[in-house]
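Asker: I need the structure of the sequence given here:
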Amino acid sequence: GSIACTMRFTVRDVDPATGEADEGGYTDEYQVEEVNMGLSDLISAPAELPTSFRSAWDALGEQFQVEDSFTLGNHSSVGSAVSAIIDFLGMSPCEGTDR
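Answerer: Alright, predicted model coming up:
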């Protein structure tokens, strides 16, 4: 989705001789372009894929597991659907899970 962004700041005068800012000032804001983020932006790939997915998954424990439901849409094959899921989540397949 899109996230509206506003930069809020305080404008203060600075004494050019001393480089010190005034105590006062006034607040101002500037509207910045919206940021578009998807689920894949929140998932980062590991530096190195594990040699055993099952072992890596089991080592994480249940506190790092999340379940959710998504609408997959129409795909002509299971391979096409798997590719769409990989792209949507921003993940990398391992141990042949992309087949």
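
Asker: quick one: contacts for A21?
Answerer: Residues in contact with A21 (Cβ atoms under 8 Å, 6 or more residues apart in numbering) are 12-15. No exception for glycine: its C-beta is placed from N, CA and C like everyone else's.

Asker: Top of those residues by number of neighbours, please.
Answerer: Within the contacts of A21, neighbour counts (other Cβ atoms under 10 Å) peak at R12, which reaches 12 neighbours.

Asker: Check the spacing between the nearest residue to that one once chain neighbours are set aside and M7 real quick.
Answerer: With sequence-adjacent residues excluded and distances taken as Cβ to Cβ, 6 or more residues apart in numbering, R12 is closest to G25, at 3.7 Å. Remark: distance between G25 and M7 (Cβ to Cβ, to the nearest Å) = 15 Å.

Asker: quick one, which of those two is more surrounded?
Answerer: The neighbour comparison of G25 against M7 (other Cβ under 10 Å) goes to G25, with 12 against 9.
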